[in-house]
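Peer 1: dropping a prediction and its sequence here:
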Amino acid sequence: MFRLLRSKISRQTVLGALMSVFLGAPVMAKELGLQGSVYEVKEQNALEWIKERLTVMEARGEIEEQQMRLKEKTLSSLESPKAVKGLEMTTNPRTFEKDLTITVPTDIKGPRGEIIQKAGTKLNPLARLISKKSLIFLDGADERQLQWALREYQKREGLAKLVLVNGPVLELMRTHEIPFYFDQAGRLVQYFSIQQIPAIVSQKKDKLHIAEVKVE
């Protein structure tokens, strides 16, 4: 009996010593009561947060302000798109041709497996297509180029498209009441290898004829 009690006390003493070491203080059990407010831990729903944020922004007029900014930015980009870089006004006129012929890399087959075009066949879309239309490239902010392009447009009796690389495209359409186009990012001038403007692209037989014209 004595040994059992002694063993029990010894284990309790050791346990208390260990708790004191790990907790850094003697183990004491005491009711401290309620200290301050207690709140439930809850993560706010993302959609609810967005709705609350939009409600606040709408009340402050921030949404309407953002919409106006976006509208003004869009209209500005439509009125006067970014100018195509890397072009110069023509000082040394030149003319050259562009051949659109391609070579078929592999056999082109139909739905039943029949060969429509054999590999190695040369195809030129202009061989069967005859067009009298021209593309006139110009800087719409340069009055000399603009007047020259308008004269060329009238001479061709509308069989031409005026393509801007710079300038107020919508304003020119309103002023002259004819269509104007804009070469976004300069894709067309790069394709036609145009380096100087104004320039005219037209078809001659089975090739494209490109002329960079000097305006006096």
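Peer 2: Thanks, I have it.

Peer 1: just the strands in this structure please.
Peer 2: Under the criterion DSSP state E, the chain contains strands at 88-89, 94-98, 102-103, 108-109, 115-117, 122-123, 134-139, 160-166, 180-182, 196-197, 199-204, 207-212.

Peer 1: where's the closest residue to Gln184 other than its chain neighbours relative to Gly186, distance?
Peer 2: Nearest non-adjacent residue to Gln184, counting by CB to CB, 6 or more residues apart in numbering: Pro81, 6.6 Å away. To be clear about C-beta, it is placed using only N, CA and C from the backbone, and glycine gets the same treatment. Distance from Pro81 to Gly186, counting by CB to CB, to the nearest Å: 11 Å.

Peer 1: same check, this time on Gln145
Peer 2: 16 Å.

Peer 1: the two: which has the busier surroundings?
Peer 2: Between Gln145 and Gly186, counting by other CB atoms under 10 Å, Gln145 is the more crowded of the two (24 against 16).

Peer 1: got a list of what that one touches?
Peer 2: For Gln145, the contacting residues are 89, 138-139, 197-198, 215, by CB atoms under 8 Å, 6 or more residues apart in numbering.

Peer 1: at 10 Å instead, please
Peer 2: Contacts for Gln145 (CB atoms under 10 Å, 6 or more residues apart in numbering) come out as 89-90, 136-139, 164-167, 197-198, 213, 215.

Peer 1: hang on, the earlier thing: touching both of Pro81 and Gly186, which residues are there?
Peer 2: Overlap of the contact sets of Pro81 and Gly186 (by CB under 10 Å, 6+ apart) consists of Val165.

Peer 1: contact partners for the spatially most central residue of the chain?
Peer 2: In the chain, the centroid-proximal residue (CA atoms, centre = their mean) is Ala185; its distance is 11.2 Å. Contact analysis of Ala185 by CB under 10 Å, 6+ apart lists 81-82, 84-85.

Peer 1: could you turn the buried ones of the contacts of Gln145 into a PyMOL selection?
Peer 2: If you want just the buried ones from these in PyMOL, going by 16 or more other CB atoms under 10 Å, the selection is:
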select buried, resi 90+136+137+138+139+164+165+166+167+197+198+213+215
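
Peer 1: and this structure, what are its domains?
Peer 2: As given by automatic domain parsing, the domain ranges for the chain are 47-79, 88-100+129-212.

Peer 1: report the mean confidence score over the first one.
Peer 2: Model confidence over domain 47-79 averages 66 on the pLDDT scale.

Peer 1: one more: the longest one?
Peer 2: For domain 88-100+129-212, the mean per-residue pLDDT is 93.

Peer 1: and it, how far apart are its ends?
Peer 2: 10 Å (CA to CA, to the nearest Å).

Peer 1: quick one: it to chain centroid distance?
Peer 2: Here the centre of domain 88-100+129-212 is set off from its chain's centre by 25 Å, with CA atoms, centre = their mean, to the nearest Å.

Peer 1: what residues of stretch 197-215 count as buried?
Peer 2: For stretch 197-215, by 16+ other CB under 10 Å, it's 197-203, 206-208, 210-213, 215.
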